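> After the sequence you'll find the predicted model.
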Amino acid sequence: MNYTNIKYLLHKRPLGMPEDDCWIIENESISSIANGEILIKVEYLSIDPYMRGRMNDGVSYASPVKIGELMVGETVGTVIKSRSKLFSVGERVCAHCGWQTYVKTNDTNPALIKVPQDSRVTLSSFLGALGMPGRTAYFGLKNVGKPKKGDTLVVSAASGAVGSIVGQLGKIAGCLVIGIAGGSKKCDFVKNELHFDDCIDYKSETFSDDLKHACANGIDIYFENVGGNVTREIAPLLNQGSRVPICGYISKYNEKDILNTETPFHVFGNLNPKPFHRFFVVTEWADQWEVATKELLELVNENKIFYRETITDGFKNAPQALRDVLSGKNFGKQIIKI
């Protein structure tokens, strides 16, 4: 049987927001697999802010996607063919193998992670709360933020895939948790459904005063997702000995001259005393992913962690979904249903 694999390849580098002509679509026919290989039918594709950075041709924590290469991304799906002793037909697998509708790969590919078979959660959640965003929140807060009971934790992009998990883990750790989000709808979700202690609307004219009031005792941990004006308002409120895990700064990702753009490193590096701050990537703790996923799954099943997804039907809508993430139009984790 032949399978048609639809792939998005990077066609040109964007200046600003990535438009549809940044990609070209290629169809690949898959008729067979070799010994030690599996074929996965993709069911969901994760859309994440970091993808925009990988489209740039610049020095970064990871190599850029080359022109003509498959667009980077994480997927989850079902094994439909197997010539492997490690994976069986019918098993669900997460695969960090890019924007494509089928994944043909060797069974020793380190980008493959089996989905627990006894899971009581949706398959798509393994791209969000139980996937890379959840693990990013878990390790960034635990290993960089180092929360202690009584700390004041501020989380930007608090309604997003990473920020929402960070704040809930902070509450479990005994922190006073203040979220920052855009608009009353997102702030209400953060306070009423995620149970943060407060959430400040960065779009409000009173944002600066509201933030100072919510953080009357200063800030011990700031989980950075945004950059820009939010970072500048946070900086003077940081307590001595504060920690700043820098996950990203989405407000700057579409800058045309990103190398000469102010980043959180400029802002925090100019403070005296400087807070402990560093950029991190979840792959630093790749050997602990299984443990983290198991713990997050237990918390979800115990109703201690909640999450929201924006699921968009149709692979063709992936470029627009990325634009929605970069402009803050999505709610929670953005996912494409293939």
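It's in. Numbering: from 1, shown residues only.
> For Val115, give me its contacts.
Taking Cβ atoms under 8 Å, 6 or more residues apart in numbering, we find Val115 in contact with 76, 91-94, 123, 126. C-betas here are computed from N, CA, C, even on glycine.
> Just put those residues in JSON lines and tack on neighbour count, secondary structure and distance to Phe306.
As requested, the contacts of Val115 are exported to JSON lines (neighbours: other Cβ atoms under 10 Å; DSSP: H, G, I helix; E, B strand; the rest coil; distance: Cβ to Cβ, whole Å):
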{"residue": "Val76", "neighbour count": "25", "secondary structure": "strand", "distance to Phe306": "20"}
{"residue": "Glu91", "neighbour count": "16", "secondary structure": "coil", "distance to Phe306": "27"}
{"residue": "Arg92", "neighbour count": "18", "secondary structure": "strand", "distance to Phe306": "22"}
{"residue": "Val93", "neighbour count": "24", "secondary structure": "strand", "distance to Phe306": "25"}
{"residue": "Cys94", "neighbour count": "25", "secondary structure": "strand", "distance to Phe306": "21"}
{"residue": "Leu123", "neighbour count": "16", "secondary structure": "helix", "distance to Phe306": "18"}
{"residue": "Phe126", "neighbour count": "26", "secondary structure": "helix", "distance to Phe306": "16"}
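> which of those lies closest to Tyr307?
Among these, Phe126 lies closest to Tyr307 (Cβ to Cβ), at 11.4 Å.
> quick one, strands of the stretch 201-338 of the chain?
In chain order, the stretch 201-338 of the chain shows strands spanning 219-223, 238-246, 276-279, 309-313, 333-337, with DSSP state E, counting those that start in this stretch as the criterion.
> contact partners of the first one?
Read that as strand 219-223. Contact with strand 219-223 is made by 140-141, 145-148, 151-156, 163, 166, 170, 175, 234, 237-239, 241-245, 247, 275, as judged by Cβ under 8 Å, 6+ apart.
> what about 7 Å?
Among residues not part of strand 219-223, those counted as contacts by Cβ atoms under 7 Å, 6 or more residues apart in numbering are 140-141, 145, 147, 151-156, 163, 166, 234, 237-239, 242-245, 247.
> Just the ones of those in helices?
163, 166, 234 (DSSP state H).
> that older thread, out of the contacts of strand 219-223, which end up buried?
Buried subset of the contacts of strand 219-223 (neighbour count, 16 or more other Cβ atoms under 10 Å): 140-141, 145, 147, 151-156, 163, 166, 234, 237-238, 242-245, 247.
> so what's Cys167 up against?
Quick fix: residue 167 is Gly, not Cys. 155, 158, 177, 179, 194, 196.
> Can you give me the neighbour number for Pro49?
Pro49 is flanked by 22 other residues according to other Cβ atoms under 10 Å.
> What is the nearest of the contacts of Val115 to Leu112?
Using Cβ to Cβ, Val93 comes nearest to Leu112 of these, at 5.6 Å.
> What distance do you get for the closest one to Pro110?
Distance of Val93 to Pro110, given as Cβ to Cβ, to the nearest Å: 13 Å.
> One more: Pro264?
30 Å.
> ok, those two, which is more surrounded?
Higher neighbour count among Pro264 and Pro110: Pro264, with 26 against 8, using other Cβ under 10 Å.
> Show the contacting residues for that one.
Residues counted as contacts of Pro264 (Cβ under 7 Å, 6+ apart) are 224, 227, 231, 246, 249.
> ok, and the most crowded of the residues you listed?
Ranking the contacts of Pro264 using other Cβ under 10 Å puts Glu224 first, with 27 neighbours.
> Which residue would you name as the spatial centre of the chain?
What sits nearest the mean C-alpha location of the chain, by Cα atoms, centre = their mean, is Pro133, with 3.9 Å.
> which one is that residue nearest to, not counting chain neighbours?
Among residues not flanking Pro133 along the chain, Ala161 sits closest, at 3.8 Å (Cβ to Cβ, 6 or more residues apart in numbering).
> swap in Leu10?
Per Cβ to Cβ, 6+ apart, closest to Leu10 is Val65, 4.8 Å.
> and the one you found, what does it touch?
Each residue near Val65 by Cβ under 7 Å, 6+ apart is listed here: 10, 54-55, 71-72.
> what do you get for Tyr307?
Contacts for Tyr307 were tallied using Cβ under 7 Å, 6+ apart; they are 125, 128-129, 164, 332-333.
> Which two of these have the greatest separation?
Pairwise distances across the contacts of Tyr307 (Cβ to Cβ) peak at 12.4 Å, for the pair Ser125 and Ser164.
> of these two, who's got more company?
Ser164 (32 against 22).
> hang on, isn't that one packed against Ala158?
Yes - using Cβ atoms under 7 Å, Ser164 is in contact with Ala158, at 6.5 Å.
> domain parsing for the protein?
3-128+308-337, 132-283 (automatic domain parsing).
> Would you format these as CSV with mean pLDDT included?
Shown next, in CSV, are those (pLDDT from 0 to 100):
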stretch, mean pLDDT
domain 3-128+308-337, 95
domain 132-283, 94
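> Output these as a markdown table; include the columns distance to Glu298.
Shown next, in a markdown table, are the domains of the chain (distance: least, Cβ to Cβ, whole Å):
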| stretch | distance to Glu298 |
| --- | --- |
| domain 3-128+308-337 | 11 |
| domain 132-283 | 12 |
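> Of those, which stretch is the most buried?
domain 132-283 (a mean of 20; mean count of other Cβ atoms under 10 Å).
> Many thanks, I have nothing further to ask.
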